[in-house]
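Enquirer: sequence unknown, structure follows:
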RNA sequence: UGCUUCGUGGUGUAAUUGGCAACACGUCUGACUCUGAAUCAGAAGAGUCCAGGUUCGAGCCCUGGCGAAGCAACCA
C-alpha cells in the first residue's frame, strides 16, 4: 500500500451542510477509522467522454476529500482493452481540470496493478478460493440460475490447486483463445446475491491494451480490480452510483481476503444524475454520435462536459448546479431548468452586454441626418461597474428585431407599432410613422420612424418614460454572423423511460436552428472562441469553435427568462 | 414470487437524540427598471405511498401492506 500516510482529516464543514455521504465520512473520521484519514478517488473508464453525471461524481469525490483535508486520486479503470483508448484519457483529464479539480501527481491506472492483481488471483487459487472454468459463457450463464432460483455448481469447480495453477498460467501466457477459459472466485452458487455466485474474475483477451500493450492475455474484471485498486491506493471512501450496491458484498469479500491489516476501503453509493429532456448513458450518447444525430461528443446539445463547455456553460455554473441537486439514494430526474438557472445566475455577473439582432428588419429614422454617426456610450454590465462601458455607432438606418414590431399589436404589447413610441436603448425615443410591406409575402420590410433629439440617453429630456426599450444595431456598421439556437434534444421529459419506444423516437427535430444573417454590433468582431456575452434582451451567447475571421459563429447558451414570451404563447 | 435499495409540494433536496414540514428551481402577483432580464416584496402549491401501533406529540420509532428501481456481460 502506498500513500496511506497523508495528513489526518480535519473537520472543516458544519454538519448541517453535509450530504449523507459526507456525514458518514465525518462519523468515520470522528471514530478514528483509518486513523482519521480521508482519501477518495474518481475512477472513470477511458472509453468515452465525460458527461454531467460524471461531474456530479467528480464534485463529490474531490469535494468530500477537500472538506476533510484529504486527497482524491484520478484512477483510470482500464481493465477492458476492447473498449479503451488513450484519446479518451486525454479528454477526461482536460474535462476534470476545466471543472476546476486537481489530482496533482496522483494519476493512476488499474492497469498499474495488473501484476499485483494477478498475484492475488494466484493466491486465491492456492487457498482454494478460485478455479478455472472451461465452459462457454452460455453454459456458465445457464448454471448461474436466476434472481429467484439458485445456481448450480460448475463441473470444474473442484479441480485441484495444481491443475488450476497450470491452467491459469497457460491462460496468462496466451495459450488459449478468448472465451475458452475463465477464472472464477469460489463463493456460493446458491447466494441470493447473483454477484456472489462464483463470479468470473479473469477472462482471456488477446488484444493490445492501451498501456500494457501485448504483455497480458488475461484481464481482471471490474469486480476483481476496483476494490483491490482502492486498497492499493489507500482509499478510505470509495464512492459510486447506486447500481453498484449489489456489488458491495463482493467488493468486501475480495478486500477482506487481500488485506493484511485493519485498513479497509468503504464503498458508499449515491444516486445517478438524470436530467429531463436528455439521456445520460455513455452508450446512448455514443449512439447519437455514431449515427450522426448530433455533431459529435461536443455538440452543444449534448450533456457531455465538452458539449456544455461548447454551449457556453461555465465550470462554476455546473458546480453550483451539482451542489443544488444534492446526493441521495432516490432515483431522481432533475429539471433541466435548474441547470439553466445555474448558468444564467453565473453569466449574469460575468457576461458583458452587447447588441445583436437575430431576425433583422430595417428601421429608418426619417428625420435623422443621412451622413451623421453618433457614438453612443453603453454600460457593459449593470451588475458590475468595473466592466466599464463601450461606444456603439448609431445612424439613420438601423436594424431591430422583427418580433419587436407589430402592425396590429395586442393590448399588452409594449414594443413598436404604428404611431407608437419606444426607446432605443442607449440612444433616443422614436415614434413609428410608417412601414413598408412586401406586397407578395406580406412581410414588413421597412419601418419608418422619427426620433426626438431631446431624449438622448443622459440628455435633458432623457427622463421621459416610455413603456418599451429595444436593442438595435446601426445598419452600415453592423456585421453579419451565424447564430445557432439550441433547444432540448428530446421532446420527452424522460426519453429512456417510455416503454415500447426507442429513446430516439423522441428526438426533437427543432433542437438546432441556424440563423445566417444576424446583425451584430461592431465591438463583437474581435470576439474569440469561448468568449461569452449577453445579447441584450435575448440570452447568453458564446463564440463557437467553428468561428473564423470573417465568418463568425455564435451559440446560444440559454435564453433570458421571458415572461412576455410565456404570455404570448397562451 | 428471491436479494438489495428507495417512497416528503410540479421537480430536486432539508427537517440528524420524536417538537409549528423548511429551502432552491418552476409557476403566479406586485414594485422597480433605458434588458418584458436582473433585483426586491409577496402568493399559490405537500400534511410526508397506504393501514395499524407506541407516544402528550411521528416525515422520523414498530408491524403489515402497496409501489418503484437495481441485480441473472467473459462491460464498467
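Expert: Thanks, I have the structure now. Note that the structure is predicted; figures quoted are calculated from it, not measured.

Enquirer: Residue A:41 contacts residue A:76, correct?
Expert: No - using CB atoms under 8 Å, residue A:41 is not in contact with residue A:76, being 10.5 Å away. Quick note: C-beta positions are derived from backbone N, CA and C, even for glycine.

Enquirer: neighbour-wise, which of these two wins?
Expert: For residue A:41 versus residue A:76, the count of surrounding residues by other CB atoms under 10 Å is larger for residue A:41: 28 against 25.

Enquirer: Work out for me the element residue A:329 sits within.
Expert: Using DSSP states H and E, residue A:329 falls within no helix or strand.

Enquirer: Could you find the closest non-adjacent residue to it?
Expert: Leaving out its chain neighbours, the residue that sits closest to residue A:329 by CB to CB, 6 or more residues apart in numbering is residue A:271, at 5.8 Å.

Enquirer: Next one: the one you found from RNA strand B, what distance?
Expert: Separation of residue A:271 from RNA strand B (CB to the nearest atom of the strand, to the nearest Å): 5 Å.

Enquirer: Identify the residues contacting that residue.
Expert: Listed by CB atoms under 8 Å, 6 or more residues apart in numbering, the contact set of residue A:271 reads A:241-242, A:327-332.

Enquirer: Based on its surroundings, how many neighbours for residue A:428?
Expert: 24.

Enquirer: Next: residue A:67.
Expert: When neighbours are defined as other CB under 10 Å, residue A:67 has 19 of them.

Enquirer: Return the per-residue confidence for it.
Expert: You'll see residue A:67 listed with a pLDDT of 96.

Enquirer: low pLDDT regions in chain A?
Expert: Flagging of chain A using pLDDT under 70 yields the residue ranges A:1-16, A:569-570.

Enquirer: ok and the residue in it nearest RNA strand B?
Expert: As assessed by CB to the nearest atom of the strand, RNA strand B sits closest to residue A:457 within chain A, at 2.2 Å.

Enquirer: Kindly provide the distance from that residue to residue A:423.
Expert: Counting by CB to CB, to the nearest Å, the gap from residue A:457 to residue A:423 is 8 Å.

Enquirer: sorry, back to before: filter the contacts of residue A:271 down to the ones near RNA strand B?
Expert: Residues of the contacts of residue A:271 in contact with RNA strand B (CB under 7 Å from any atom of the strand): A:242, A:327-332.

Enquirer: Next, format those residues as CSV and append neighbour count.
Expert: Below are these laid out as CSV (neighbours: other CB atoms under 10 Å):
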residue, neighbour count
A:242, 14
A:327, 22
A:328, 13
A:329, 13
A:330, 9
A:331, 9
A:332, 13
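
Enquirer: tell me which of these is nearest to residue A:209?
Expert: Nearest to residue A:209 out of those is residue A:242 (CB to CB; 29.5 Å).

Enquirer: Would you enumerate the residues in contact with the closest one?
Expert: By CB under 8 Å, 6+ apart, residue A:242 lies in contact with A:269-272, A:329, A:331.

Enquirer: and stretch A:184-198, which residues are buried?
Expert: A:184-187, A:189, A:191, A:195-198 (16 or more other CB atoms under 10 Å).

Enquirer: Now narrow the residues you listed to whatever sits close to RNA strand B.
Expert: Within the buried residues of stretch A:184-198, those near RNA strand B by CB under 7 Å from any atom of the strand are residue A:195.

Enquirer: for residue A:28, phi and psi?
Expert: Backbone torsions for residue A:28, taken as degrees, to the nearest 10, come to phi -60, psi -40.

Enquirer: residue boundaries of the helices in the stretch 301-450 of chain A?
Expert: Assigned by DSSP state H, counting those that start in this stretch, the helices in the stretch 301-450 of chain A fall at A:305-311, A:315-325, A:336-350.

Enquirer: err, the stretch 451-570 of chain A, not the other one
Expert: Using DSSP H, counting those that start in this stretch, helices in the stretch 451-570 of chain A cover A:563-569.

Enquirer: residues from it in reach of RNA strand B?
Expert: A:455-458, A:462, A:465, A:468-469, A:471, A:534, A:536-537, A:560-567.

Enquirer: Next: the stretch 1-150 of chain A.
Expert: Going by CB under 7 Å from any atom of the strand, the residues of the stretch 1-150 of chain A near RNA strand B are A:15, A:18-20, A:23, A:43, A:45, A:77, A:79-80, A:82-83, A:135-137, A:140-141, A:144-148.

Enquirer: picking that back up, output the contacts of residue A:242 in JSON lines, with distance to residue A:92 appended to each entry.
Expert: Listed next are these as JSON lines, based on distance: CB to CB, whole Å:
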{"residue": "A:269", "distance to residue A:92": "22"}
{"residue": "A:270", "distance to residue A:92": "20"}
{"residue": "A:271", "distance to residue A:92": "22"}
{"residue": "A:272", "distance to residue A:92": "18"}
{"residue": "A:329", "distance to residue A:92": "26"}
{"residue": "A:331", "distance to residue A:92": "26"}
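
Enquirer: Sweet, I'm off.
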